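Asks: Got a predicted model here, sequence first, then my questions.
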Amino acid sequence: MAKDAKDGDQLGKIREESAKVTKEVKEKTISFIIAAFGIVAGLAWNEAIKLLIEIVFPETQNTLIAKFSYAIIVTLILVIINF
C-alpha cells in the first residue's frame, strides 16, 4: 500500500511538471509568433519609409544624407521608446 501511495505521489508530481512545461512551451511559442509579426511590421514600415525617402529626395539629389538622416531619426525614436 505504501508503495502505491508513493507511486501516486510521483505520478502526480510528473503530471504537475508536465503541465508546467506545456504551459511554458505555449507561452514561448506565442512570444515567438508575436516577435515574428513585429519583424514583419518593421520590414513593412522600412519599405514604406524607403519609398518616402525616394519620393522626397529624388535620385538626382544626394540620397546618402537622406539615408543617414533616416537612420538617425529611427535610432532616436527607438531610444525614446525604450525610456
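Replies: Cool, the structure landed.
Asks: following the one helix or strand residue 16 maps to, which helix or strand shows up next?
Replies: Assigned by DSSP states H and E, residue 16 belongs to helix 2-56. Downstream of helix 2-56, the next assigned helix or strand under DSSP H and E is helix 63-82.
Asks: For that following helix, buried residues please.
Replies: Of all the residues in helix 63-82, those buried under the rule 16 or more other C-beta atoms under 10 Å are 66, 70. From N, CA and C alone the C-beta is placed, and that goes for glycine too.
Asks: Can you tell me which helices and strands it packs against?
Replies: The contact analysis (3 or more C-beta pairs under 8 Å, 6 or more residues apart in numbering; DSSP states H and E) places helix 63-82 against helix 2-56.
Asks: what's the angle from the helix it packs on to helix 63-82?
Replies: Angle, helix 2-56 to helix 63-82, by axes from the mean of the first three to the mean of the last three C-alpha atoms, to 10 degrees: 140 degrees.
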